[in-house]
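*Asks:* Turn this into a model:
(one chain, ligands or ions: 1)
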Amino acid sequence: MRASPILSEVTKTAVAGQSHAVRVRDVTMDFGSGSSPAVDRASFDLEKGKFLTILGPSGSGKTTLLRMIAGFQRPTRGDITIGGKPVDAAPPHRRSVGMVFQKLALFPHMTAAENVAFPLKMRRFNPAKTPARVREFLDLVKLGDFGGRRVNELSGGQQQRVAIARALVFEPELLLLDEPLAALDRKLREEMQLEFRRIQRELGVTTINVTHDQREALVVSDDIIVMDGGIIQQHAKPVEMYRAPENLFVSSFLGVSTFIDGQVAEGGMHAADGSLLRGTPVSVGLQTGQRGRGAIRAEQIRIDQDQGGLSHCDTVLQVAIKDVIFEGERLLYTAASPILPGVDFQIYHHDPEAFDLYEVGQQVWIGWKAGDLKVFKAAD
Ligand SMILES: Nc1ncnc2c1ncn2[C@@H]1O[C@H](COP(=O)(O)OP(=O)(O)OP(=O)(O)O)[C@@H](O)[C@H]1O
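*Replies:* Residues are numbered from 1 along each chain as shown. Purely as a prediction, here's the structure:
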């Protein structure tokens, strides 16, 4: 944590005591609509000063979990503590929580400075010290010269910054972000992702961020929780989540993969054609003879015109190119083989020397290392 002089008071407060962690235990939210719970027995701990992202598809329960932590919704069951204090019954304004949502809810007719000052006023902060504190936080979000501007005279990115300053100005123990960047265009969104990260590191404020953007989760987080169907599927650091997904859902939700169905065998997996894909790691709990689904990431499949170019691979296959997508810095090929009907191989290819190497319909070779194809329990 970098303690700039202007932020020294803030950082001191953030560092003092060990009370910034969040603890969620068996938290369930059942709206009683007859369907399965929106959040089902969620448990996790968040270390003080860390940035956690809750990632999942639409309807997976992310917002409901965040709203329970914020105090907008009371869990049907389970316990939540912030800074060691149970907060289940405390309303939002009694929790030391700053929030930024997709709808920023700034006061458009007020200046940036007045917006940032608002939470201080609500909390009866010393009026004599308010201008300096507001200035500190406008500087933090790089809007030092814009304090006098009305919000409706600011750009979308600048409004985001005002919302961040307003959420942090009263030095909350916890910052909650509910898809605040979803409405921004891609370039601005990526810039703001890095800004969130910078500010969070500078202040050391414990943060929980909700998103369905996997890139955002990988870029900004210390920890990621992936949710599906109200259930936490995995809680891990970004690199571990990407490289060692625990189940098929996490594997398919993060990154681009090819899936091959088969039957777990001694030392590997039998693919549909009966061939043995030798040496593929099989996830815990899968027994020989059971059906499984192999997954391999697009960047782990090699592609070459000649079989000889893939001598370092354990499995090699001839395929026909079905589709090519130009993504700027790389190409994404889709290819198929008559040996494994129904399997669409997804292959990332990056060659700075030459683009458009292969055309649709062209016969090429693909290959991969045995350890890169991981076999999971197939979804029920
Ligand atoms: N107030 C409510 N009453 C009844 N059901 C609700 C309520 N709020 C959410 N749900 C249901 O709970 C489930 C989880 O919703 P939630 O908004 O938490 O998902 P999400 O992962 O945040 O989705 P999104 O990314 O679309 O915002 C959904 O099936 C939703 O329909």
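*Asks:* drop to CA atoms for contacts and neighbour counts, all remaining ones
*Replies:* Noted.
*Asks:* Could I get the full set of helices for the stretch 251-380 of the chain?
*Replies:* Using DSSP state H, counting those that start in this stretch, the stretch 251-380 of the chain contains no helices.
*Asks:* what do you get for the stretch 51-200 of the chain?
*Replies:* Per DSSP H, counting those that start in this stretch, the stretch 51-200 of the chain carries helices over the ranges 62-70, 112-122, 130-140, 156-168, 186-203.
*Asks:* Skipping adjacent residues, who's closest to R149 in space?
*Replies:* Leaving aside its sequence neighbours, R149 sits nearest to T111 (C-alpha to C-alpha, 6 or more residues apart in numbering; 5.1 Å).
*Asks:* my read: the one you found touches L154, true?
*Replies:* No - the criterion here is C-alpha atoms under 8 Å, and T111 misses it with L154 at 9.7 Å.
*Asks:* For those two, indicate the residue with more neighbours.
*Replies:* T111 (21 against 16; other C-alpha atoms under 10 Å).
*Asks:* So what sits opposite the more buried one in the bridge?
*Replies:* When assigned by DSSP bridges, T111 has beta-bridge partners R150.
*Asks:* First-to-last residue distance for stretch 344-364?
*Replies:* 14 Å (C-alpha to C-alpha, to the nearest Å).
*Asks:* Residues in contact with that stretch: which ones?
*Replies:* 256-259, 297-306, 318-324, 329-336 (C-alpha atoms under 8 Å, 6 or more residues apart in numbering).
*Asks:* What parts of the stretch 1-150 of the chain come near the ligand?
*Replies:* With C-alpha under 6 Å from any ligand atom as the criterion, the stretch 1-150 of the chain meets the ligand at residues F31, A38, P57, S58, G59, S60, G61, K62, T63, T64.
*Asks:* Might you report the residue contacts of Q307?
*Replies:* By C-alpha under 8 Å, 6+ apart, Q307 lies in contact with V316, W365, I366.
*Asks:* May I see the helices of the stretch 51-200 of the chain organised as a markdown table, with mean neighbour count and distance to P341 added?
*Replies:* Output for the helices of the stretch 51-200 of the chain, formatted as a markdown table (neighbours: other C-alpha atoms under 10 Å; distance: least, C-alpha to C-alpha, whole Å):
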| stretch | mean neighbour count | distance to P341 |
| --- | --- | --- |
| helix 62-70 | 23 | 37 |
| helix 112-122 | 21 | 59 |
| helix 130-140 | 19 | 56 |
| helix 156-168 | 23 | 48 |
| helix 186-203 | 16 | 36 |
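*Asks:* Those into CSV, with extra columns for mean pLDDT and distance to D79?
*Replies:* Converted to CSV, those look like this (pLDDT from 0 to 100; distance: least, C-alpha to C-alpha, whole Å):
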stretch, mean pLDDT, distance to D79
helix 62-70, 93, 10
helix 112-122, 94, 27
helix 130-140, 94, 33
helix 156-168, 91, 25
helix 186-203, 87, 26
